[in-house]
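Asks: Could you look at this predicted model? Sequence included:
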Amino acid sequence: APTRLIEWAPGGRLYVAGYGQAGGNEILQLVPPLTLQLKEAQVGTEGAPAGFGGWHGHPGLGALPALGRGAGQTPVSGFCLCSLLVTSGPPDASLQLWQLAPQGSDLIQAVGTIAAADGTGQAWARLSTSASRGAQVLHGTRLSCVQLTEVESSKVLYRAGCASCALLSGLAFLDPCSLLLCGTGGQLCLADTRQPPCPLQPLAPPWLCPGLRWSLAVRGEAVGSSWHCQPLALLSSRGHLALADLRKTSEPLALVRCKVPSASPDEELLCASWAPALEGCLAVSGFDGTVHIYSSQGWHSRQGWHSRQGWHSSAAEAEPIFTHQGHLFGGPPGTAAPALVTTHSWHPQQPRTLLSADTSGALHAWHWLQP
């Protein structure tokens with residue numbers, strides 16, 4: 001099945017999982033090539049042998065490690081035997097729990113489930129974890145109901161939500177106590193786990209294009225500095241890319257149009273992400289068989305948006321500083337359709353190294369050079 005998720009693990013390993021609807025889907029822990037384990041190596045497309053693996057009936061549409069055992073612990077290096085993997089995917093909103101190599105085997109074994117946050121519906125759950133909160137997972141399907149759950153006991157630690165029933169497109173920890181919820185229409189909600197649960201007031205930035213699907217990209221969890229200083233990015237299904245400051249959402253920091261051929265053919269595959277080790281760099285995929293790298297430095301103009309007229313065609317088209325085109329040369333087996341990038345992920349230590357996957361089942365590791 002095509003890969004839908006790529007998650008880096010401590011110790012230089014990574015997890016991938018498929019999302020095909022028919023039959024079982026693999027979850028694999030891969031041992032990356034040596035070049036991916038070195039900080040300054042140039043990387044081409046290479047194979048990665050499987051270290052552990054397992055089969056599951058759900059498409060793996062979101063998987064994150066349960067970080068440690070107890071609040072405040074650091075991630076377990078190399079995901080040893082006590083480590084857990086949490087996944088979500090159709091046909092429902094429950095989460096699946098997996099244990100890595102139980103009793104010395106080479107299998108990732110299913111060990112339990114966590115009930116859906118709202119208890120109803122067939123939409124799959126979005127999820128997020130925080131390294132500083134231990135084995136806890138934030139999950140939900142709609143803006144109206146999101147919960148923070150302790151993985152081992154399934155105890156609900158916090159609930160948040162607003163009056164909107166819009167489906168979630170993303171969740172994020174801004175810091176250990178601050179949560180950000182994003183609806184598919186771009187609605188934003190902020191919650192604080194230190195405060196008693198109460199109905200949230202959604203922020204609906206007036207510069208959002210109505211009727212489009214929006215995907216959220218947040219920089220890494222704030223450590224040693226306030227998350228208020230970090231802009232968030234919103235990517236639309238037609239290639240609009242907006243940078244915003246949560247302290248003032250009435251006006252965007254920047255609005256551009258990505259250089260994409262057309263609207264995304266599969267809005268579930270929209271993916272935007274900030275580079276963890278490069279200031280102001282974003283990667284964008286989900287429109288075709290390419291991954292674009294953009295530098296947001298210099299995106300200070302609000303051209304393309306007017307407080308009364310909204311978006312218009314004069315929004316500047318951003319030129320990518322690099323485009324990975326390797327996925328253009330393959331497609332799903334047995335079809336003439338071109339490959340579509342399903343996801344991408346930045347290497348946590350190598351600033352210009354990424355992994356990306358497509359609908360043909362290919363997994364690429366690649367490195368781009370400073371122009």
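Replies: In hand now; what should we look at?
Asks: Distance-wise, check the residue nearest to residue 144 when sequence neighbours are not counted relative to residue 205.
Replies: Leaving out its chain neighbours, the residue that sits closest to residue 144 by CB to CB, 6 or more residues apart in numbering is residue 161, at 4.6 Å. Every C-beta, even on glycine, is put in place using the N, C-alpha and C of the backbone. Using CB to CB, to the nearest Å, residue 161 is found at 20 Å from residue 205.
Asks: With neighbour numbers in mind, choose between the two.
Replies: Neighbours were counted for residue 161 and for residue 205 using other CB atoms under 10 Å; residue 161 has more, 23 against 17.
Asks: That one reaches residue 168, doesn't it?
Replies: No - contact criterion CB atoms under 8 Å: residue 161 and residue 168 do not qualify, at 10.4 Å.
Asks: Touching both of these two, which residues are there?
Replies: Shared contacts of residue 161 and residue 168, defined by CB atoms under 8 Å, 6 or more residues apart in numbering, are found at 140, 142, 143, 146.
Asks: Please convert these to TSV, extending it with neighbour count.
Replies: Converted to TSV, those look like this (neighbours: other CB atoms under 10 Å):
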residue	neighbour count
140	26
142	24
143	26
146	28
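Asks: Arrange the residues you listed in TSV, one row each, with pLDDT, distance to residue 328 and secondary structure as further columns.
Replies: What follows is these, written out as TSV (pLDDT from 0 to 100; distance: CB to CB, whole Å; DSSP: H, G, I helix; E, B strand; the rest coil):
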residue	pLDDT	distance to residue 328	secondary structure
140	93	36	strand
142	92	36	strand
143	92	36	coil
146	93	37	strand
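Asks: Nearest to residue 35, out of those residues: which one, please.
Replies: Residue 35 lies nearest to residue 140 out of the shared contacts of residue 161 and residue 168, by CB to CB, at 38.3 Å.
Asks: any idea how far that closest one is from residue 91?
Replies: 17 Å.
Asks: go on, residue 292?
Replies: 33 Å.
Asks: Between the two, which is the more surrounded one?
Replies: residue 292 (25 against 12).
Asks: Can you tell me the closest non-neighbouring residue to that one?
Replies: Per CB to CB, 6+ apart, closest to residue 292 is residue 320, 4.0 Å.
Asks: Next, count neighbours for the one you found.
Replies: Neighbours of residue 320 (other CB under 10 Å): 19.
Asks: now residue 262
Replies: 9.
Asks: who touches the nearest residue in space to it that is not next to it in sequence in this structure?
Replies: Leaving aside its chain neighbours, residue 262 sits nearest to residue 287 (7.1 Å; criterion: CB to CB, 6+ apart). Residue 287 makes contact with 239, 258, 260, 261, 262, 263, 264, 265 under the criterion CB under 8 Å, 6+ apart.
Asks: Residue 264 contacts residue 272, correct?
Replies: No - when contacts are counted by CB under 8 Å, residue 264 is not listed as touching residue 272 (11.4 Å).
Asks: Where does pLDDT dip in the stretch 151-300 of the chain?
Replies: Within the stretch 151-300 of the chain, the ranges that satisfy pLDDT under 70 run 221-229, 300.
Asks: the strands in it, which residues?
Replies: 156-160, 168-173, 178-183, 188-192, 214-217, 232-236, 240-244, 254-257, 271-274, 281-285, 291-295 (DSSP state E, counting those that start in this stretch).
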